[in-house]
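**Student:** Pasting a predicted model and its sequence here:
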Amino acid sequence: MAASTDPNTAAAPADNDGRKKTAGRIALGALAAGALYGAYALYDYETVGRYMQDTEDAYVKADGVTISSKLGGYVRRVAVADNQAVEQGTLLVQIDPTDYATRLAQSTAQVDVARATEAAASAAIQEAQSAVGQARAALQASQRDLAYLNGEVARMRPLVASGAEPRQAFDQLVANRDKAAADVSAKQAGLAAATDRVTSARAQAGQSTAQIKAAQAQRDAASTDLATTRIVAPIGGKVGNSTVRIGQFVQPGQRLMTIVPTEAIYVEANFKETQIGLMRPGQPVTVHVDALPDVDFHGTVESITPGTGANFSLIPPQNATGNFTKIVQRVPVRIRINAGPESRKVLVPGLSLSVEVDTRSAKSAIDAIRNEQDRVSAK
């Protein structure tokens, strides 16, 4: 009896074999693709990924300037409002200048008085010098009279001795000579007194000059104080956190407001100590701002702080204890961000950022450090 054959039954094994072969090829293809992707990922990590250092501990910063008053007084005017943009030199606060204007007027009057005193001292010097001239002339006249009488006494003495001249006339001549000598001594004393008056007058003039300088210094200080009643912006930026009000009495050094230089913003990123080995100034940076998630900003590493954040804290850690736990430290890195005027309107200080630094440019630094250490060890 002949066996019957079913065409469907005969085709089933062949279809199963085809499916297995196809599945095998797909599996081999997927395995090959996975291997290629793994190799590519490894290559990308070794050449690029391992040199990309990122952190989310980053913020927009700006070196704001705290505005305070140098002088005490009542606030007459507040010329700016919160969040207002100001330029350098813009008036911020006006302190009542009345008291300081009065002090300036008093100092100016003291300068005038000192100058008048100096003029009087100069006149006294001239008067004393004239008196010296008169005393010197009188002394010279007395000296001439004394010299004449000395000559007459010398001439008459032998005549009196011989009896040719009377003794009484000779005695009178001697008396006149002695009187002339006394007059010369008196004139010499008068000349010395006149010279001393010149010295005294010059000393008074020097004192007057010193008084003028002191009065001028007081006037300059009063003028500076008067100018300081106008508190102006030392830099351009925006006014923030203003606490000053009209009529308020402010003390010297009291904080009034803050000027934030929005055109001079930068990024401070805190990287782990394990990330900064190849980080160098000038390396490119990609910045992601949480406020603008779809926008990539670019920047450059500007500097690396010479110490960890903990090292500059108010109370630095003291690890010389029995209980020590190693904690990965953070190192602040300053980054200059490239942003235009529109972007700076959004990039206000304090915003959170994600930062990625490309450190590939410093790959050769590892070999240089190793060679350096080898040379040091060889010594």
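**Tutor:** That came in fine, so what should we check first?
**Student:** which of the residues in stretch 356-363 are buried?
**Tutor:** Buried residues in stretch 356-363, counting neighbours by 16 or more other Cβ atoms under 10 Å, are found at E356, V357, D358, T359, A362. (Glycine included, C-beta is placed from N, CA and C.)
**Student:** and if you look at stretch 261-281?
**Tutor:** Applying a neighbour-count criterion of 16+ other Cβ under 10 Å, one finds 261-262, 265-271, 275-276, 278-279 buried in stretch 261-281.
**Student:** Where is pLDDT lowest across those residues?
**Tutor:** Across the buried residues of stretch 261-281, the smallest pLDDT goes to T262, namely 83.
**Student:** OK, contacts around it?
**Tutor:** A62, A85, G237, K238, R344, V348 (Cβ atoms under 8 Å, 6 or more residues apart in numbering).
**Student:** Most neighbours among the residues you listed, which one?
**Tutor:** Among the contacts of T262, the one with the most neighbours (other Cβ atoms under 10 Å) is G237, at 23 neighbours.
**Student:** for it, phi and psi?
**Tutor:** Dihedral pair for G237: phi 160, psi -150, per degrees, to the nearest 10.
**Student:** thought it was touching M257?
**Tutor:** No: between G237 and M257 there is no contact under Cβ atoms under 8 Å: 10.9 Å.
**Student:** Please name every helix or strand in contact with the longest strand seen in the chain.
**Tutor:** The single longest strand within the chain, with elements called by DSSP state E, is strand 292-304. Judged by 3 or more Cβ pairs under 8 Å, 6 or more residues apart in numbering; DSSP states H and E, strand 292-304 is in contact with strand 284-289, strand 330-338.
**Student:** okay if I get those as TSV plus mean pLDDT?
**Tutor:** Listed next are the helices and strands packed on strand 292-304 as TSV, based on pLDDT from 0 to 100:
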stretch	mean pLDDT
strand 284-289	92
strand 330-338	91
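**Student:** so which of these comes closest to D96?
**Tutor:** Closest to D96 of these is strand 330-338 (Cβ to Cβ; 41.9 Å).
**Student:** what angle sits between that closest one and strand 292-304?
**Tutor:** Here strand 330-338 points in a direction 110 degrees away from that of strand 292-304 (axes from the mean of the first three to the mean of the last three Cα atoms, to 10 degrees).
**Student:** For strand 330-338, which strands pair with it and how are they oriented?
**Tutor:** If you go by DSSP bridges, strand 330-338 pairs up with strand 266-272 (antiparallel), strand 292-304 (antiparallel).
**Student:** helix, strand or coil for L314?
**Tutor:** When classified by DSSP: H, G, I helix; E, B strand; the rest coil, L314 comes out as coil.
**Student:** If I look at it, what pLDDT would I see?
**Tutor:** The model reports L314 with a pLDDT of 71.
**Student:** Run a quick neighbour tally on it.
**Tutor:** By other Cβ under 10 Å, 4 other residues sit near L314.
**Student:** Now the phi/psi pair for it, please.
**Tutor:** Torsion angles, degrees, to the nearest 10, at L314: phi -60, psi -40.
**Student:** Tell me where the stretch 151-300 of the chain has helices.
**Tutor:** Applying DSSP state H, counting those that start in this stretch to the stretch 151-300 of the chain gives helices spanning 167-228.
**Student:** low-confidence ranges in it?
**Tutor:** 163 (pLDDT under 70).
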